[in-house]
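Chemist: next comes the sequence, and after it the predicted model I'd like to discuss.
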Amino acid sequence: AQSVTQLDSQVPVFEEAPVELRCNYSSSVSVYLFWYVQYPNQGLQLLLKYLSGSTLVKGINGFEAEFNKSQTSFHLRKPSVHISDTAEYFCAAARGGYQKVTFGTGTKLQVIP
Amino acid sequence: DTEVTQTPKHLVMGMTNKKSLKCEQHMGHRAMYWYKQKAKKPPELMFVYSYEKLSINESVPSRFSPECPNSSLLNLHLHALQPEDSALYLCASSQVREGGVEQFFGPGTRLTVL
């Protein structure tokens, strides 16, 4: 079974500092990877996705992620965070079909003014 | 239109009530999903509909009854719920194809069972 591990439940970071949110996945076959963001009392919004091709994926709001097959990682980065980036971030993986997406446990990004 | 809408936004119900949650999308997606999300947890898949037919039921108790009346609408009928069913209920939709397919989420219905 697919599993997704987000190593940090909370990440505090000062405004304008860089941030990395870590995600590792387990899979023996091709996998599709996603990062979603959830603002308080809202649904999930896709930040970016890796399907194939270039291992560096750029998303919305200045976020990017790097797919590393050898380390089975898909860490999310932003060079300079803003207060408005305070939210819960979920890494997710799907193997093959569209139906079942496995979510990680989430990382709460807290941006400190 | 890339939006999934859900009504109501908030719902408070007693354990003997019957209520329904509604979800709508006009993106032409033929897969629709119900998720349950407890506080500080990831979404948990409940049901998946593909081409208006139930394709996945993740062993959800029968007090939750999904319905997909057409390709744009998804309902979740609630009856005799328990307080532990209080959660954020998210609807999502996606295309139906192999490969990495993005799911589009609605804002959710915050359900409180008294």
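Modeler: That came in fine, so what should we check first? Numbering: from 1, shown residues only, chains lettered A, B, ... in the order given.

Chemist: for the regular element (helix or strand) spanning residue B:88, list the C-alpha coordinates in CSV.
Modeler: Using DSSP states H and E, residue B:88 maps to strand B:87-94. What follows is strand B:87-94, C-alpha atoms only, in CSV (Å, rounded to 0.1, in the frame of the first residue of the first chain):
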residue,chain,number,x,y,z
ALA,B,87,-16.2,16.8,11.1
LEU,B,88,-15.6,18.8,7.9
TYR,B,89,-17.1,17.0,4.9
LEU,B,90,-15.3,17.7,1.7
CYS,B,91,-16.5,17.0,-1.8
ALA,B,92,-14.0,16.8,-4.7
SER,B,93,-14.2,16.1,-8.4
SER,B,94,-11.7,15.0,-11.1
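
Chemist: leaving out chain neighbours, which residue sits closest to the most far-flung residue of chain B relative to its centre?
Modeler: Here chain B reaches farthest from its C-alpha mean at residue B:99, the gap being 22.8 Å by CA atoms, centre = their mean. Take residue B:99 and drop its neighbours on the chain: the residue closest to it by CB to CB, 6 or more residues apart in numbering or on different chains is residue A:51, 6.4 Å away. Using the backbone N, CA and C atoms, a C-beta is placed for each residue, glycine as well.

Chemist: was I right to think the one you found contacts residue B:100?
Modeler: Yes. Counting by CB atoms under 8 Å, residue A:51 does reach residue B:100; the two are 4.0 Å apart.

Chemist: of these two, who's got more company?
Modeler: residue B:100 (20 against 16; other CB atoms under 10 Å in any protein chain shown).

Chemist: wait, that one touches residue A:50, no?
Modeler: Yes. Residue B:100 is in contact with residue A:50 according to CB under 8 Å; the separation is 7.4 Å.

Chemist: hey, what's in contact with both of these two?
Modeler: Residues touching both residue B:100 and residue A:50 (CB atoms under 8 Å, 6 or more residues apart in numbering or on different chains) are A:32, A:33, A:34.

Chemist: which ones, among these, also lie beside chain B?
Modeler: The subset of these within reach of chain B, by CB under 8 Å from any CB of the partner chain, is A:32, A:33, A:34.

Chemist: and stretch B:97-114, what's buried?
Modeler: Within stretch B:97-114, the residues scored as buried using 16 or more other CB atoms under 10 Å in any protein chain shown are B:100-111, B:113.

Chemist: out of the residues you listed, which touch chain A?
Modeler: Contacts with chain A within the buried residues of stretch B:97-114, as defined by CB under 8 Å from any CB: B:100, B:101, B:102, B:103, B:104, B:105, B:106, B:107, B:108, B:110.

Chemist: which stretches of the chain have low pLDDT?
Modeler: Since no chain was named, I'll use chain A. Across chain A, the ranges flagged by pLDDT under 70 are A:1-2, A:28-30, A:96-98.

Chemist: correction: the question concerned chain B.
Modeler: Under the criterion pLDDT under 70, the flagged ranges of chain B are B:1-2.

Chemist: which strand residues bridge residue A:90?
Modeler: Applying DSSP bridges to residue A:90 gives these bridge partners: residue A:36.

Chemist: neighbours of it, how many?
Modeler: Using other CB under 10 Å, residue A:90 is surrounded by 24 other residues.

Chemist: for residue A:101, see how far away it is.
Modeler: According to CB to CB, to the nearest Å, residue A:90 stands 10 Å off from residue A:101.

Chemist: residue A:13 against residue A:109, yeah?
Modeler: Yes. Taking CB under 8 Å as the definition, residue A:13 is a contact partner of residue A:109 at 7.0 Å.
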